[in-house]
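[1] here is my input, please return the structure:
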Amino acid sequence: MRSVPLVFVFFFLLTGVPQVYSEVTVFAHRGKVSSFCGRENTLEAFEYAWQLGLPVEMDVHLSADGVLIVVHDDRVTELSDGQSDVFVDEVSSEILIGWGAPRLLDVLDRFAVYQDHFTDRVGMMVEVKTPRKGAPYTAKEIGRKVADLLATRQGFQTQILLASFNPFSLSVAKKKNKTLKRCLNTGEFTNEESKTLSPLTKWALKNLLLAKWVLKCLVDPYVVSFEHTLLSSSKINYYHKQGIKVYAWGVTETDRARCLAEWGVDGIITDRPVIIRSELETNDFIKK
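    Numbering: from 1, shown residues only. Model prediction:
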């Protein structure tokens, strides 16, 4: 073996070893793309993003008749004409579909058309929402239903990422379908949606569940996804050493996206995917 010349040793000691960046995946949050004029979390929004080569993030609840419906809020306000006192789990899938909320099954069928665009990467990030207090189903039940449905699409296993803030949804999904990629979400828990999580779950997500042994045993995630304000270079390195990818959500500014990419983040979930992707392509964090 040829020895390394001392001049190169001194060079690296002075300058440091160059960082090798992994390519960053940019997701369209709820299928949002600025040039699309329709509503988020719809078949049309997802298809528009896929046509641009963008993977999409979406949210899933259960309807009153137990159908997996793609919609963000647990109330139907965003779908109906301001019926803020009605919950998604109180409305039939037929009515929700009539209001424009697609079934997860229909989204999977549409994704099949674009599957070849994502042969070596994730094309869909499906977030299982935590049931509200008093909901007719549990986090484990919705996790099981999603895992069962995704198991019917064996060709999609490497292209779909199952995400949740609720570790129990992911834990039961792991038992049902071990080949399915899983993503544990965590954040500051300051928004309205975080009220569905118990104080103990919030504490665990910030502390205990992010410990190495608990992660492996309970969820065994392919990805951990942080609200971007919680990330640092050292935290990303910590998970990378465990073989876990790190995503950042809530990113809107190009400067922040570039900083996260420099730290080695693997994915960014954003409402401005075209702009963020263009910025990262310009700085060679994404291959054109």
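[2] average model confidence for the helix or strand encompassing E281?
    E281 is part of helix 273-282, with elements assigned from DSSP states H and E. What helix 273-282 shows for mean pLDDT is 96.
[3] residues touching the strand or helix carrying V60, excluding its own?
    For V60, the enclosing helix or strand under DSSP H and E is strand 56-62. Surrounding strand 56-62, the residues in contact under the criterion CB atoms under 8 Å, 6 or more residues apart in numbering are 27-31, 41, 45-46, 49-50, 68-72, 74, 88-89, 104, 107, 123-129, 131, 137, 141-142, 145-146, 163, 249, 269. Every C-beta, even on glycine, is put in place using the N, C-alpha and C of the backbone.
[4] in helices only, show me those residues.
    Where the contacts of strand 56-62 overlap with helices, as defined by DSSP state H, the overlap consists of A45, F46, A49, W50, L104, V107, E141, I142, K145, V146.
[5] most neighbours of all those, which one?
    F46 (29 neighbours; other CB atoms under 10 Å).
[6] burial of the residue lying closest to that one once chain neighbours are set aside, as a residue count?
    By the measure of CB to CB, 6 or more residues apart in numbering, the closest residue to F46 outside its immediate chain neighbours is G31, 4.5 Å from it. The tally of other residues near G31 (other CB under 10 Å) stands at 27.
[7] what do you get for P136?
    12.
[8] which secondary structure element of this structure has the lowest mean pLDDT?
    In the chain, the helix or strand scored least confidently by mean pLDDT, DSSP states H and E is helix 6-15, which has a mean of 39.
[9] quick one: R121 and Q159 touch, right?
    Yes. Checked against CB atoms under 8 Å, the pair R121 and Q159 is within contact range at 7.3 Å.
[10] these two - which one has more neighbours?
    Taking R121 and Q159 together and counting by other CB under 10 Å, Q159 has the greater number of neighbours (20 against 14).
[11] contacting residues for that one?
    Counting by CB under 8 Å, 6+ apart, the residues that Q159 touches are F111, Q115, F118, T119, R121, V122, G123, M124.
[12] please name the nearest non-neighbouring residue to the first one.
    Take F111 and drop its neighbours on the chain: the residue closest to it by CB to CB, 6+ apart is M124, 5.8 Å away.
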